[in-house]
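Asks: Sequence and predicted structure are below.
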Amino acid sequence: MESDLTEKELRLATFMSEISEYCYSAGWMQNLEYALWNAVINGERKYGQSYITEDDISTLIKLSTDANAWIVYDDDKEETALSLKEWTEKFKKDVEQNKGIIKG
């Protein structure tokens, strides 16, 4: 993981990656940040061979609130933190352009 994340952002990135590992056996599944945010908004959901649970969602909300950030994966920079304001705008715009981005 990139060292330019704060400690709180790193905790969030690590937890998001753990869900990806558990559900897909992949360190960071493509569009993971979208699937997880969709679960934060809409509740528990199937993801890969498992589920994003209510406990996962509670932890994601707590960690993202503590960090005031959401982690996105960038091919060049790897895990990158966006402020929650930047992320919610990006999420809305990206999902409007590609509804399939939240599948998983």
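Replies: Received, thanks. Numbers count the residues shown, from 1 in each chain.
Asks: Now the most centrally placed residue in the chain: closest residue in space, sequence neighbours ignored.
Replies: When the chain is reduced to its mean C-alpha position, the nearest residue by C-alpha atoms, centre = their mean turns out to be Glu33, at 2.9 Å. Distance criterion C-beta to C-beta, 6 or more residues apart in numbering; nearest residue to Glu33, sequence neighbours excluded, is Val72 at 4.9 Å. C-beta here means a position set from N, CA and C on the backbone, and glycine is covered the same way.
Asks: Could you report the neighbour count for the one you found?
Replies: 23 (other C-beta atoms under 10 Å).
Asks: Count the neighbours of Ser17 for me.
Replies: 19.
Asks: Now for Asp74, how many residues are close by?
Replies: 11.
Asks: Kindly state the beta-bridge partners for it.
Replies: Taking DSSP bridges as the rule, Asp74 bridges to Glu78.
Asks: Quick check: it vs Met29, distance?
Replies: 15 Å (C-beta to C-beta, to the nearest Å).
Asks: Is Glu44 in contact with Ser58, as I believe?
Replies: No. Contact criterion C-beta atoms under 8 Å: Glu44 and Ser58 do not qualify, at 10.7 Å.
Asks: Show me what the helix or strand hosting Trp70 packs onto, helices and strands only.
Replies: Assigned by DSSP states H and E, Trp70 falls within strand 69-74. Under the contact criterion of 3 or more C-beta pairs under 8 Å, 6 or more residues apart in numbering; DSSP states H and E, strand 69-74 touches helix 7-24, helix 32-42, strand 78-83, helix 84-97.
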